[in-house]
Each structure stands twice: as C-alpha cells, then as structure tokens.
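Visitor: kindly generate the corresponding structure for this input.
(one chain, ligands or ions: 1)
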Amino acid sequence: AEDGYDLWMRYRPLAKEAATALDRDAESVEMRGQSATLRVAADELRRGLAGLTGHAFAMGPSPHPILLATSADGDVGRLGLPLKDLGDEGYIVRQVRLGGRDVTLVTARTDRGVLYGSFALLRHIQTGGRLDRVALASTPRVKLRVLNHWDNLDGVVERGYAGQSLWDWWTLPDFKDPRYTDYARANASIGINGTVLNNVNAKPDSLSASYIAKAAALADVFRPYGIKVYLSARFSAPIELGKLKTADPLDPQVAAWWKAKSDEIYRAIPDFGGFLVKANSEGQPGPRDYHRSHAEGANMLAAAVAPHGGIVMWRAFVYADTDPDDRAKQAYTEFKPLDGKFAANVIVQVKNGAIDFQPREPFHPLFGAMPRTPLMLEFQITKEYLGFATHLAYLGPLFAETLGSETFAGSKRATVAQIVEGGVNRHALTGMAGVANIGRDRDWAGSTFNQANWFAFGRMAWDPTIGAQPVAREWAAMTFGPNPAIVAPVTDMMMGSREAVVDYMTPLGLAHVMATGHHYGPGPWVADLKRPEWNPVYYHRADKAGIGFDRTRTGSNAVAQYAPELARRLADPATTPERDLLWFHHVSWDRPMASGRSVWAEMVHDYDRGVGYVADMRQRWDGLRGQVDAERWTKTATYLGIQEREARWWRDASLAYWMSVNGRSLPAGAAAPA
Ligand code: GCW
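Guide: Residues are numbered from 1 along each chain as shown. Presented below is the predicted three-dimensional model:
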C-alpha cells in the first residue's frame with residue numbers, strides 16, 4: 001500500500017529507458033571484505049536495484065558489477081583516488097576500469113563511508129541519474145548529526161504529532177521490531193549518525209539497569225548503520241536512582257555515581273555516544289540548584305564518559321531569572337561567560353533562535369559569541385509552532401536561513417553554518433541536532449510532506465550549504481518518482497510553504513503568539529499565564545500606538561548580544577530586515593514599509609498572502625490528482641483543506657485582535673474575513 005511507510009526509499013520501477021540503461025551498467029552487487037555494515041550496504045543496493053529495475057540482483061562478480069570496497073582493497077588502492085580527504089564517513093562513487101572490467105565503484109576509507117556511498121548511489125538513480133558517467137564524492141561537514149527524540153518512557157512523545165513513540169519499551173530488549181531496522185536505514189540514507197532515545201525532560205528510570213538493556217538492544221540494531229545511541233540524563237538521577245542526598249556536581253560521591261553509571265552503560269553499549277542534558281530549564285534539575293555553573297555540571301558528567309570516548313551535549317535552552325526584561329537575552333547572559341570553561345568532550349547545544357522554534361527567528365546570538373566552545377545547532381523538525389502534522393511547511397528554507405545567517409563574528413564574518421562546522425575556531429567536535437518528528441504512524445511523520453523535514457535535516461546536517469531547493473527536489477523525486485511534471489510543482493509548493501506559515505501566523509517578526517500550552521492556533525490576546533514570558537502579549541507588546549518588542553537600547557538592548565557591526569544594524573529599524581522588524585523594534589502602526597504600505601497595512605497584506613499561498617497549494621495539488629497514488633494524494637489534499645481553513649482562522653482571529661487594540665479598520669483591498 002502507498003501509505004508512506006517506505007519514505008524516500010520507495011524504489012519503484014524506473015521508466016523503461018532508464019531501467020534498460022541501469023541493467024546495462026550494473027549486473028550484480030559485489031563486495032570486498034566482510035562486515036555487518038558492508039552487508040547492509042549491499043542488501044540496500046540489491047533491494048533498491050531490484051525495485052528500480054523490476055528484477056532481482058545477484059551478489060557476486062560479473063562483467064559490470066557495482067563494487068563495494070574500502071581503500072584497504074589493493075585494487076582500489078592502486079587507482080590513486082583522492083581518498084585522503086574523505087575522513088571516516090566520506091565516499092567516492094565512480095565508474096572505473098578495474099581488473100579489466102568496467103565497474104561502478106563505491107569506495108571510502110571505512111565501511112561506514114561505503115554505506116553512505118551506497119545510499120548516495122541509490123539517490124543518484126532515484127533522482128534520474130545514470131551510472132555510465134557517475135562521479136559522486138562527498139564528506140560530511142558536521143561530525144555529530146543527531147536526532148533528539150522527545151519520547152517519554154510511557155510512549156507519549158512530547159510535541160510529537162505522529163503517534164506513539166517508536167520504541168516499544170514493553171517488548172524491548174527481547175523483541176526487536178523490524179521497524180527499528182527501517183528507522184536505521186532511513187537515517188543512514190541521509191547521513192544521520194546518532195540518536196538520543198529519550199526526552200530531554202528526562203525521567204531517572206531511563207538510566208536504570210532495565211532501560212540500559214533496552215537501549216543496548218536498539219544500539220545493536222543501529223550499529224551496522226553507523227548510528228550511535230545517546231541518552232538524555234536527568235541531573236538529579238544520583239538522588240532518585242542512587243539514593244544519594246545530593247546531585248551537587250562537585251560532591252565526590254555524585255561524581256563517583258555518574259562514573260559507575262557510565263561504566264555500567266558502556267558495558268552494555270561499548271560505543272555509547274554519551275549524554276544529552278537539559279538542566280535548570282523549565283523545572284528540570286541542574287547544577288544551579290547547588291550554586292554551581294552549567295560548566296561545572298557538564299564537566300562532571302563529561303569526566304564520567306571521557307574514559308570511554310563519550311561526549312556530553314549540554315543544552316543552552318535556559319530562561320532563568322537573569323534578565324527579567326527579556327527572555328531572549330537569558331541564555332546568552334548565562335552561557336557567554338562560560339566560554340572556554342567546558343571540558344574538551346562537551347558540546348553546548350543551542351537552539352536556532354533565542355526564544356523557541358518559532359516560524360521565524362533571527363539566529364541565536366550565542367553563535368559567534370563563544371569561540372572557545374564547540375556549539376551544536378538544534379533545530380526542531382517536529383512542527384510544534386508550525387501547525388503540527390497537518391500544515392504543509394517545508395522547513396528546508398528555515399534551516400537554510402539560520403545556517404546562512406552572517407554572525408559578523410571574527411574577522412572572517414562567519415555564517416552560523418561556518419561556526420557550526422567548527423572550522424572558524426578549529427573545533428574537533430561539531431554537531432547538529434534535530435528534534436525528531438517521528439512516531440508510530442504508518443507514514444512515520446504524520447504526513448507525507450513532514451517526511452521531507454526529516455530528510456532535509458539529515459541532508460543539511462551533512463552539508464549545511466547544500467541549499468533548501470536541491471534538497472526539496474531530491475526528496476520529491478525519491479518520494480513521488482523522478483517525473484519532472486510532479487517534481488517541479490511539488491518543489492515549488494514546498495519552497496514557499498514555510499514563508500506562508502510565517503505570513504499567516506507571525507508576520508514581520510512577530511513571535512510566540514500561539515495558543516497556550518499546545519501552541520496550536522492563534523492566541524495573541526493571552527495575558528494571564530503565571531510566568532510573564534509565557535504570555536503572547538509579552539512578545540508583541542501591541543498597544544493603540546504601535547506594535548513590536550523594543551530590543552534596542554531604549555528597550556531590553558538584546559541587540560547588543562550580537563557582534564558590534566550587526567548590533568549597529570539591528571539597533572535601527574531602517575537597517576533591520578523587514579522580516580525581523582517587530583522582533584527587534586516597537587514601531588508605530590503607521591510606520592511606512594519598503595512597499596509604501598504602513599506597518600498595519602503590511603501586516604494585513606501578509607496575512608492575506610499566507611492564506612492565498614495555501615489556497616494556491618491546494619489548487620496545485622489538485623492538479624496532481626491521478627499522478628500521485630490515491631492514498632497519499634487524498635490524505636495530503638485533506639490536510640491542505642484543514643490548513644486553508646486554519647490559515648483563515650489565524651488571519652481572522654489575529655486581525656480581529658489587533659483591531660481591538662489599535663482601533664483601526666481593515667485597509668481598502670484586504671480580503672474580508674470568511
Ligand atoms: O519549546 C519548548 C517545548 C517543550 C520542550 C522545550 C525544550 C522538551 O514547548 O515541550 O521540552 O521547549 O526544548 O526543552
């Protein structure tokens with residue numbers, strides 16, 4: 001059934017001409033050497049080629065094989081390929097003459113590289129490429145490419161919109177659901193090499209002996225695919241599990257407990273990746289409970305895993321009491337002074353923006369501000385603030401926007417991507433984390449198009465400069481087939497879809513105006529929540545005269561957290577990008593925009609444009625009826641209907657509220673509320 005279970009690994013039969021060419025150029029899959037990783041690479045190629053050509057592929061030699069071999073193979077070594085720069089994970093795929101035969105060689109310095117090369121070759125064929133002149137080569141620019149599952153031990157996924165957790169803790173460790181293998185295949189196919197199994201809002205039990213055994217069973221499934229398992233650690237676990245009186249990181253008993261716990265984990269999972277920690281954030285325990293710094297907490301854990309080669313990913317998502325005037329400043333205030341104080345195996349994990357995964361946020365000011373600390377960029381793949389599973393919002397442009405932002409830090413004017421890649425400050429540890437959108441739904445992600453966001457995260461973590469559009473095109477071809485009559489309109493729909501969400505939810509730099517708690521639907525009027533910074537009115541600050549959060553010197557001065565050149569630009573509405581205007585400035589409703597419209601008229605225009613884009617996507621999708629299988633077509637069409645209705649809801653409710661505040665009417669030409 002076309003229920004989306006196959007993701008982008010569909011391998012449906014190619015058009016006749018392409019299938020014939022493939023048959024001519026590849027006759028078998030041949031493997032040099034033996035390992036679990038090489039075996040899964042060969043299996044995947046045979047599975048893929050069988051699907052694409054419609055017939056089985058033999059293992060073993062033939063006149064024109066696809067040959068999997070590392071550079072340790074003598075024949076491959078003699079070819080003189082540029083293998084040096086490939087690192088542990090890069091690959092080369094090429095047509096070569098070898099031992100008198102024309103072969104499609106998939107090679108690398110390691111078996112993992114060969115696996116990634118095999119998936120790259122399949123992607124090449126799935127997107128319409130041919131074997132005769134194939135020449136692919138790639139090395140990941142980021143080391144840790146990790147999914148963060150916010151999965152609770154009871155099966156509920158925090159901010160998950162694709163059903164229950166994939167991990168069936170009840171039947172683990174004995175039963176290894178075949179689905180775990182498919183999960184590993186999907187991740188390996190896009191270069192993801194790590195997974196944090198449990199929610200950052202962690203329960204101590206996840207580190208108990210029985211859960212370690214369950215995690216070990218998953219690690220065994222993932223290992224051949226180059227995927228390491230990590231666990232979120234609850235900082236107070238020494239108290240809850242260890243019956244100690246304290247979790248003070250400087251207490252020797254506490255350090256000893258973590259050391260013993262780490263040793264226990266590594267006995268079960270020899271290649272365990274390490275810990276992810278949310279500390280002193282939204283009620284989670286942490287070192288600050290003992291008047292210790294985040295660095296002291298992180299370093300204590302880092303020492304426990306260091307002998308095993310493990311790492312600690314320490315989150316900077318904190319909004320404590322430091323800057324009561326502006327939540328956006330708090331992480332920087334707390335972490336910037338700790339630059340250079342973290343142990344070598346700690347990486348600080350920073351969300352893309354300073355608030356919380358909004359449809360649009362300026363990049364987090366910590367990027368570029370902590371040159372002596374490796375920073376791991378955290379994106380949210382699940383769409384907590386972008387319409388859950390139903391709204392079609394391709395996040396490639398959101399990821400690319402953050403990655404491409406110039407930090408103005410240092411003389412080289414590094415982009416966020418360059419900071420994350422580590423080259424600028426010569427960090428060995430580099431990483432990108434994506435909060436997973438995966439659950440037990442047949443289509444994994446809650447909708448077909450949500451699969452694209454998982455895909456895009458992996459592709460962009462491998463190469464942050466790849467660009468949102470090439471990734472959308474790849475995904476569309478792999479997901480719906482390489483026919484340009486489908487790929488082109490689908491790619492088009494996707495490319496503007498996130499901007500449409502910005503338009504109908506948070507135009508011109510607005511943020512955090514969603515309904516309370518679940519964050520679904522509009523709620524800009526909410527003003528009565530117990531922490532001021534949870535209230536939408538805290539963020540938009542609309543009154544009769546104007547709207548927006550003044551983050552310049554006359555306000556919270558958050559702009560000063562950016563590098564001086566950028567801070568100067570952002571301090572002036574005239575040199576602030578209009579898309580971020582209300583994030584940084586409180587302005588009059590009458591302020592003229594570049595379009596000649598007033599701020600108010602521009603907002604109305606943007607809301608309308610967002611609704612219009614969704615209506616347009618519906619029409620374009622209607623045009624593809626019959627070209628996409630009925631099952632996926634119908635579900636998508638239905639979801640687009642929901643999205644259009646809710647885009648109108650967003651626009652109409654928001655405008656009604658703004659009008660109640662500013663006393664204005666709709667500008668001439670605005671669409672009338674439905
Ligand atoms: O965005 C907020 C979410 C919480 C989440 C938190 C975090 C895991 O609403 O559900 O908790 O961010 O990132 O820690």
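Visitor: how about the nearest residue to residue 396, chain neighbours excluded?
Guide: residue 468 (3.2 Å; CB to CB, 6 or more residues apart in numbering). For the C-beta atoms, the positions are set from N, CA and C on the backbone; glycine is no exception.
Visitor: most centrally placed residue in this protein?
Guide: In the chain, the centroid-proximal residue (CA atoms, centre = their mean) is residue 434; its distance is 3.1 Å.
Visitor: name the SS class of that residue, please.
Guide: What DSSP: H, G, I helix; E, B strand; the rest coil gives for residue 434 is strand.
Visitor: leaving out sequence neighbours, find the closest residue to it.
Guide: residue 457 (3.9 Å).
Visitor: which residues touch that neighbour?
Guide: 147, 190, 192, 379, 381, 395, 399, 432, 434 (CB atoms under 8 Å, 6 or more residues apart in numbering).
Visitor: for the chain, which residues score under the pLDDT cut-off?
Guide: 672-674 (pLDDT under 70).
Visitor: residues of it that sit close to the ligand?
Guide: Within reach of the ligand by CB under 6 Å from any ligand atom, the chain has these residues: 150, 158-159, 200-201, 278, 282, 317, 356-357, 384.
Visitor: got the contact list for the closest residue to the ligand within the chain?
Guide: Of all residues in the chain, residue 356 sits closest to the ligand, at 4.4 Å by CB to the nearest ligand atom. Residues near residue 356 by CB under 8 Å, 6+ apart: 317, 385, 512.
Visitor: want to throw these into CSV with neighbour count, distance to residue 519 and secondary structure?
Guide: CSV is the format used below for the contacts of residue 356 (neighbours: other CB atoms under 10 Å; distance: CB to CB, whole Å; DSSP: H, G, I helix; E, B strand; the rest coil):
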residue, neighbour count, distance to residue 519, secondary structure
317, 21, 16, coil
385, 24, 5, coil
512, 24, 9, coil
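Visitor: residues in contact with the residue of the chain most remote from its centre?
Guide: For the chain, the residue at maximal distance from the C-alpha centroid (CA atoms, centre = their mean) is residue 100, at 44.7 Å. If you count contacts by CB under 8 Å, 6+ apart, residue 100 has none.
Visitor: run the last query once more with 10 Å
Guide: Contact analysis of residue 100 by CB atoms under 10 Å, 6 or more residues apart in numbering lists residue 63.
Visitor: just how off-centre is the longest helix along the chain within its chain?
Guide: The single longest helix within the chain, with elements called by DSSP state H, is helix 630-662. Helix 630-662 sits 25 Å away from the centroid of its parent chain (CA atoms, centre = their mean, to the nearest Å).
Visitor: which strands and helices lie in contact with the helix or strand harbouring residue 68?
Guide: Using DSSP states H and E, residue 68 sits within strand 65-70. Counting contacts by 3 or more CB pairs under 10 Å, 6 or more residues apart in numbering; DSSP states H and E, strand 65-70 packs against strand 28-31, helix 36-53, helix 74-78, strand 91-98, strand 101-108, helix 111-126.
Visitor: SS state for the residue nearest to residue 659 when sequence neighbours are not counted?
Guide: Excluding the flanking residues, the one nearest residue 659 by CB to CB, 6+ apart is residue 665, at 7.0 Å. Taken by three-state DSSP, the conformation at residue 665 corresponds to coil.
Visitor: quick one, phi psi at residue 665?
Guide: Here is the backbone geometry of residue 665 (degrees, to the nearest 10): phi -110, psi 170.
Visitor: neighbours of it, how many?
Guide: 9 (other CB atoms under 10 Å).
Visitor: over to residue 24?
Guide: 12.
Visitor: please name the nearest non-neighbouring residue to it.
Guide: Nearest to residue 24 is residue 64, by CB to CB, 6+ apart, at 7.6 Å.
Visitor: then residue 512?
Guide: Here the residue nearest residue 512, using CB to CB, 6+ apart, is residue 539, at 4.3 Å.
Visitor: so what's the residue count around residue 423?
Guide: Other residues near residue 423 come to 14 when the count uses other CB under 10 Å.
Visitor: and residue 603, by the same measure?
Guide: Around residue 603 there are 24 residues (other CB under 10 Å).
Visitor: what's the answer for residue 484, then?
Guide: By other CB under 10 Å, 12 other residues sit near residue 484.
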